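K.L.:
Just need the structure, nothing else, for what follows:
(one chain, ligands or ions: 1)
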Amino acid sequence: MNDVRAMVRVVLPTQFGEFGVAAFEVHGGLTYLALAKGDLKDGTPVLTRLHSECLTGDVLGSLRCDCGIQLRLALRRIATEGRGLLLYATGHEGRGIGLIDKLRAYVEQDEGADTVDANLRLGLPVDGRTYDDAAAVMHALGVGAVRLLTNNPDKVRGLQESGITVEGTEPLRTAAHSRNVGYLRTKERRLGHLDTAGAELQRAPSPPPDAVALLGDVHAPAGRPYVVLKYAQTLDGRIATASGDSKWISGEEERTVSHALRAACDAVMVGVGTVLSDDPRLDVRLVAGASPLRVVLDSTLRTPSDALVFGGDPATVVLTTERATADDRARVRDAGAGVWTLPSGPGGVDLASALRALRECGVRSLMVEGGARVITSLLGAALVDRVVVGTAPKIIGSGREAVGDLGTVRVAEGISLHNRRVHLTADDIVTAWDVGQEGAEQLRP
Ligand SMILES: NC(=O)c1ccc[n+]([C@@H]2O[C@H](COP(=O)([O-])OP(=O)(O)OC[C@H]3O[C@@H](n4cnc5c(N)ncnc54)[C@H](OP(=O)(O)O)[C@@H]3O)[C@@H](O)[C@H]2O)c1
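P.N.:
Residues are numbered from 1 along each chain as shown. Have a look, this model is predicted:
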């Protein structure tokens, strides 16, 4: 049995409630932090997450991996159970290769290697972690049997080999981002992850929908992000009633797909009309995933200070023009949002400038969630790569259409769509299409 010592114990209040924290020194001078909730010694298996340190994911919110989301998901899961253990393992950074080599492996990944081959190219182990120290800490805490929150069968094996009984596992499934979907698929395909490696716990949450497939081939064209339009419509093609009501056209499952799409993109954008009529939060709540940057097109800063899009953790920027007053700029900044002044264009803010500004600040994928004017402007300017439409089994007659006048005279002149993908939910049909001529580079202004 490895020699581990509790160095200090203290109470740590977190956004997921209060945890008793014990810091253990393990061999090699590394520190393991045990965050415990409830009585761990009552003899029943403890809901446990053995979390490998990931500075970039856990602390900085990197979307190259799913670590940060898994960490928060696990803490929330333990908080809702009211009893459990999160054991944070330093020295496990980058599957044991350390921070600097993990970043070197990212460089290899940017040049085409997957997460496994990147390590091999550098002459490093694919996974250098061992679990005997973690098991020793668990024993020191009086925990001999666990229900493990993990997608990784190696962790199950490692703990079992060190004398911990793993009674069952609960996967921590996250909604993929277009930036980490390759990494997640490699972990599944080459490292056996998501094989739950044991009896699944009864309350394992259902996996998020595979929204990345609906996004199509995410590639950032020169000078702008990859642009995806997403809206929900009735069977007769309305996105709202004549009075502007749109809550809710589609069912809960279709809205979950929307949240998974948000979680897969770098930013989500609406026009100020949608903010004024729907007051959306535009964050990710219905799936386990990261909320993207929120963007509002608002040429005179009509967005009210108490708009929900200014609330919560995700950052918000409002794209405006010289027509906004200095007072309104100060008001919106006071509400916590960024204010970017861009040239005016036909519908308000010049769209090419808006998309260029977003691309320059690192937005590669942009999901546009309406409303009608913004959708029409983007389609009219040939600035859309993908359209994702949820169609609900409702007919409401006259109302608001998603797409207004595009000056199309003949059907043959209409925007052609191809590369269809269909996703069925309990109530609705989600269809996704590439925009423009098949195989042709889209025309851009
Ligand atoms: N079913 C759905 O999926 C869904 C989704 C979203 C919205 N909706 C519905 O759509 C309706 C809102 O539609 P909407 O057309 O009023 O709102 P919108 O398209 O969200 O916002 C339009 C406003 O954005 C501003 N804007 C700035 N630059 C623009 C540009 N280049 N092109 C177009 N607009 C620009 C303009 O206001 P300024 O001139 O003041 O800048 C414009 O009036 C609501 O009824 C809402 O419920 C439905």
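
K.L.:
any chance you could map the strands in the stretch 251-400 of the chain?
P.N.:
267-271, 293-297, 316-320, 338-341, 344-345, 348-349, 365-368, 386-392, 399-401 (DSSP state E, counting those that start in this stretch).

K.L.:
Now render those strands as a markdown table, adding mean pLDDT.
P.N.:
Formatted as a markdown table, the strands of the stretch 251-400 of the chain follow (pLDDT from 0 to 100):
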| stretch | mean pLDDT |
| --- | --- |
| strand 267-271 | 98 |
| strand 293-297 | 97 |
| strand 316-320 | 97 |
| strand 338-341 | 96 |
| strand 344-345 | 96 |
| strand 348-349 | 98 |
| strand 365-368 | 98 |
| strand 386-392 | 98 |
| strand 399-401 | 95 |
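
K.L.:
before we move on, what SS does the one residue in the stretch 51-200 of the chain that gets nearest to the ligand have?
P.N.:
The ligand sits closest to A175 of the stretch 51-200 of the chain, with a gap of 19.3 Å, by CB to the nearest ligand atom. C-betas here are computed from N, CA, C, even on glycine. What DSSP: H, G, I helix; E, B strand; the rest coil gives for A175 is coil.

K.L.:
how far away is it from A382?
P.N.:
30 Å (CB to CB, to the nearest Å).

K.L.:
Please identify which of the two sits among more neighbours.
P.N.:
A175 (28 against 13; other CB atoms under 10 Å).

K.L.:
Spell out which residues of the chain are next to the ligand.
P.N.:
Within the chain, the positions lying close to the ligand (CB under 6 Å from any ligand atom) are 231-232, 239-240, 244, 246, 249, 270-274, 277-278, 297-300, 302, 345, 347-349, 351, 369-374, 377, 400.

K.L.:
Please enumerate the helices of the stretch 51-200 of the chain.
P.N.:
Taking DSSP state H, counting those that start in this stretch, the helices of the stretch 51-200 of the chain run over residues 67-81, 93-96, 99-110, 115-121, 132-140, 153-161, 181-191.

K.L.:
Format these as JSON lines; extra columns: mean neighbour count.
P.N.:
Shown next, in JSON lines, are the helices of the stretch 51-200 of the chain (neighbours: other CB atoms under 10 Å):
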{"stretch": "helix 67-81", "mean neighbour count": "20"}
{"stretch": "helix 93-96", "mean neighbour count": "23"}
{"stretch": "helix 99-110", "mean neighbour count": "16"}
{"stretch": "helix 115-121", "mean neighbour count": "20"}
{"stretch": "helix 132-140", "mean neighbour count": "22"}
{"stretch": "helix 153-161", "mean neighbour count": "18"}
{"stretch": "helix 181-191", "mean neighbour count": "17"}
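
K.L.:
Tabulate those helices in TSV, adding columns for mean pLDDT and distance to E413.
P.N.:
Listed next are the helices of the stretch 51-200 of the chain as TSV, based on pLDDT from 0 to 100; distance: least, CB to CB, whole Å:
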stretch	mean pLDDT	distance to E413
helix 67-81	93	44
helix 93-96	94	53
helix 99-110	96	41
helix 115-121	95	46
helix 132-140	96	64
helix 153-161	95	55
helix 181-191	87	35
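
K.L.:
if we compare these, which one ends up closest to H51?
P.N.:
helix 67-81 (5.6 Å; CB to CB).

K.L.:
which helices and strands sit right next to the closest one?
P.N.:
strand 31-37, strand 46-52, strand 84-89, strand 145-149 (3 or more CB pairs under 8 Å, 6 or more residues apart in numbering; DSSP states H and E).
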